[in-house]
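1. Model the structure of this input:
(chains A and B)
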Amino acid sequence: MTELLPVARGRQTGEGHRHACLASAIAGRNVAVHLHDDRKQVGYADWQCIHVPVSCAEIDCKHLVVAQALLLRSGGLQRGLLLKMVGRPGVAQRYMQAEIVRAAARHHWVVPRAFSEHPWVADFPVTSDPAASYALATSDKRLAIPPAFVGVLRVSHFLGSAMPADARALATPVRGELDLSATQQVSTLDEEDAEESLFMRLLSNPLMKGQGGMLQSLMKQMLGAGVAGKPSNDEGGAGGEMPISRAIRAAKKGLLARLMSVRGVPPLEHDGVEPGTNSYAEWDVYKNRYRPDWAVVEEVDPWAETPNAELVEALRAPSQALVRQLSGIGLSYELHRNEEDGIELIIDRVVDYAIDVRTRTTPSLRLYRASRRTKRDLAVMILLDVSGSTAESGTDGGSIHRQQSVIAYQLASVFERLGDQVALFGYHSWGRNLVRFLRLKSFQDRFDNSLAERLKLIDPVGYTRTGAALRHAARKLRDETRLPHRLLIVISDGFAYDQDYEGAYAEADTRKALEKIRASGTGCLCLSIGSDQDEQQLKAVFGAATTLSVRNQNEFLANVRKVTMRALIEATSRTQKASSASKRSLKVA
Amino acid sequence: MKDATAETSQPFYLQVGDEVEVFESAWACRRAVMLKGPTGCGKTRFVEAMAARLGRPLITVSCHEDLTAADLLGRFQLTGGDTVWQDGPLTRAVRTGAICYLDEVIEARMDTTVVIHALTDHRRELNLDRRNEVLSAPLEFMLVVSYNPGYQSVLKDLKPSTRQRMVAIELTFPAPEIERKVILMETGLDEKRTEDLVRLAQAIRQLDMPQLPEVCSTRTLIAAAALIKSGLDPIKAVNAAIVRPLSDDPAVSRSLIEMAATYIS
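-> Sure thing, here's the model as predicted:
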């Protein structure tokens, strides 16, 4: 291993291995590459990842990645066939070799020539389909001894979890077909599962899992069966018990979506199922995949018995300095008449000019039509972190919540005054099933005194699940305004923290959400009110260029324009990828 | 803006699908053509080849976000004490019966659609309201627009009323066999290296990640092939012409360079 350093770094970030592109390109979907140091130094794959032994030589490493990616591409990892190979490693190996070679022949235009011209690949008999490969594997035909780089097929890795949605899209054209035979075979295979009801087994059907794993886990949770693979709650755990009513509502929605997909009908839009609730996928950095429909966001109006006295005097109109800083952002062209310089002459004005010159009066020089960047085409969504931590006292004597509310109110006022579309929402959460969006001002609401009134009705409680909040905000921003320049401003005191949502997991999910949102053309920036340390964390996630501390008013005023422009430029410079990308990836943001 | 006259030699273009046939029929029936396709897949080359094939001059306008209807039609300019009318490229094309090609038409300002509409339906006329003149397009005149659907943003989309006036031809990256021939014909690189380039391109086009807004085009393959042909080391050439222009993300770039090294021997 000559390049240990970059490899080790790639391993840390989970998806940055230097052969990740090679693996994804050949597999036809995003696949990670991980190094392992197991006792058996062999390469193998599972649905999401190709595992390469650390002792693998460079050239073999590439070939191994190509071979295992071809196996993932082959479409031969069908449950029915794999089940027949349980406990028959010899057959599994021969089957894998046949499938690799079959995929190499079928997709030869994406395979490196060094691989397809390797003597072992070139001499191996090419089969026509997985069934033929299986027939070859079980026959007594002698096959050449494969080179070590081919790796092994570990059937259990593919049977243990369902085929991911993107692989399914590549492999089987028929979706929503209920494959009962496979389910029944699983149950005869695993003795311990025999106790489970048929209902549970239907729920765990592999074809349905991609969309409805949540339902299964929720039902199991409620029935007390425990959920495998879920990170254990620590005792200081944020949030409390699962709110049952919401779980049932979400479960109902999941069931409906599931039944629809069984019938081969596309699932309903979330808004159509349950007004006010939306579910979003969440990125699981440890498993390197999305957890579909993981976080449920609910929109509500703020309510408190008594208005927050602290805010009564605090919400004042924004300073002229702030207005000046934020004017001229997100403009489009507009045609102006009677300009001194421009793209074309206005004939009437030219005639007047000629008359003026001949009669020796002073002519007006405003002869042109000009197109100038004056039209406001900006939509701004301001997200206010109203978790419990913001109730602590801040730098100016009042609470952090007060500071944040003032800045949110002023920003909303400025953008509104400049003619932009503005929405302001608060967010906090209690676990993934209850991410609350507090409506302070939606894009449709008029900007009037009710914004200040609503702000006063917010009581900072709960925790912060930033990823889900960002995804929901970005979707509202995009769907409700349809403007070309979109800006998402998050005002937060620190880093995301919620039940089962902290540290590297929360950081990776937030980063993933931001990545998608920026790629769709929405600028994101973060205004931080917290300590230096919190700010460093926020900068790591949001990017140093688009994070700004609000504690120092002068510094804030000096930089707010620069940071906002950067956020917008960063988003617009990333062009949207062709729609195929969004079709294949899971529903996010 | 440039004029290519019919006398120039026939540009090299290899048919990918039925686009030549459709274009010729559209010309015969006097319909406007809308070319869709990713950047570098050969839209401009196709129009050049078709103009040469049909024996018409070609007037190309590269649209940008500040291009107005006046830029297409023409305007009065001040010369001494007089105002003098100067034809724009579209007016010139209508007067001379040329093929007018509006490249990346979505980029142009909205007021250009008004001009295009009257010219692309049964009226086939160009209104020069500032000169109080209506030009009727001759039979030879043809309007061709192109755009890249991948770049679409919410506002920058062609209106249905514009789209439906045109015959759409969708160009994609050519199939590997054709792409190989294109590179061979354009650069004269040897067969093995050409095939390596095409395989690499096919593989990169499978990738679907947010850090890669575009995949490598036929144009970049030809650039790489030309660099190799001129004597540059193949891996350096591929990195310079194909990989580095694709992404600024360091991790993705690194992985793509590794990938290129796997394909290029």
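2. What residues of stretch B:84-96 count as buried?
-> Judged by neighbour count using 16 or more other C-beta atoms under 10 Å in any protein chain shown, the buried positions of stretch B:84-96 are B:87-94, B:96. Bear in mind the C-beta positions are built from the backbone N, C-alpha and C, glycine included.
3. swap in stretch A:515-533?
-> By neighbour count on 16+ other C-beta under 10 Å, the buried set for stretch A:515-533 is A:515-530.
4. just checking: which of those also lie near chain B?
-> Among the buried residues of stretch A:515-533, proximity to chain B is found for A:515-516, A:519, A:521 (C-beta under 8 Å from any C-beta of the partner chain).
5. Show me the two of the buried residues of stretch B:84-96 that sit farthest apart.
-> Using C-beta to C-beta, the two most remote members of these are B:88 and B:96, lying 12.9 Å apart.
6. quick one on the thing from earlier: and of the buried residues of stretch B:84-96, the nearest to chain A?
-> Taking C-beta to the nearest C-beta as the measure, chain A sits nearest to residue B:88 out of the buried residues of stretch B:84-96, at 10.8 Å.
7. Show the contacting residues for the closest residue to residue A:47 other than its chain neighbours.
-> Setting aside the residues directly before and after it, residue A:47 is nearest to residue A:164 in space (C-beta to C-beta, 6 or more residues apart in numbering or on different chains), at 5.2 Å. Taking C-beta atoms under 8 Å, 6 or more residues apart in numbering or on different chains as the contact definition, residue A:164 lies against A:29, A:47-48, A:210, A:289.
8. Now do the helices in the stretch 301-450 of chain A.
-> In the stretch 301-450 of chain A, the segments counted as helices under DSSP state H, counting those that start in this stretch are A:309-312, A:320-326, A:347-358, A:400-417, A:450-455.
9. In contact with residue A:538, which residues?
-> In this structure, residue A:538 makes contact with A:492, A:494-495, A:526, A:528, A:530, A:547, judged by C-beta under 8 Å, 6+ apart.
10. my bad, residue B:162
-> In this structure, residue B:162 makes contact with B:113, B:116-117, B:120, judged by C-beta under 8 Å, 6+ apart.
11. now do residue A:334
-> By C-beta under 8 Å, 6+ apart, the contact set of residue A:334 is A:371-375.
12. Dump these into a markdown table; add distance to residue B:82, neighbour count and pLDDT as well.
-> As requested, those are exported to a markdown table (distance: C-beta to C-beta, whole Å; neighbours: other C-beta atoms under 10 Å in any protein chain shown; pLDDT from 0 to 100):
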| residue | distance to residue B:82 | neighbour count | pLDDT |
| --- | --- | --- | --- |
| A:371 | 25 | 21 | 80 |
| A:372 | 28 | 12 | 78 |
| A:373 | 32 | 12 | 73 |
| A:374 | 32 | 12 | 74 |
| A:375 | 34 | 14 | 75 |
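13. Spell out, range by range, the helices that occur in the stretch 1-150 of chain B.
-> Listed from the start of the chain, the stretch 1-150 of chain B has helices (DSSP H, counting those that start in this stretch) covering B:19-28, B:43-54, B:69-73, B:89-96, B:112-120.
14. Show me the shaky parts of chain A.
-> Segments of chain A classed as low confidence (criterion: pLDDT under 70) are A:1-16, A:165-166, A:168-277, A:330, A:530, A:572-589.
15. max-length strand in chain A?
-> Taking DSSP state E as the assignment, the strand of chain A that covers the most residues is strand A:289-300.
16. Sheet partners, orientation included, of that strand?
-> When pairs are called by DSSP bridges, strand A:289-300 turns out to pair with strand A:277-284 (antiparallel), strand A:435-441 (parallel).
17. Let's have those in CSV, adding mean neighbour count.
-> Putting those into CSV (neighbours: other C-beta atoms under 10 Å in any protein chain shown) gives the following:
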stretch, mean neighbour count
strand A:277-284, 23
strand A:435-441, 23
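18. about what we covered before: now, the buried residues of stretch A:515-533 that are in helices?
-> Counting by DSSP state H, the part of the buried residues of stretch A:515-533 found in helices is A:515-519.
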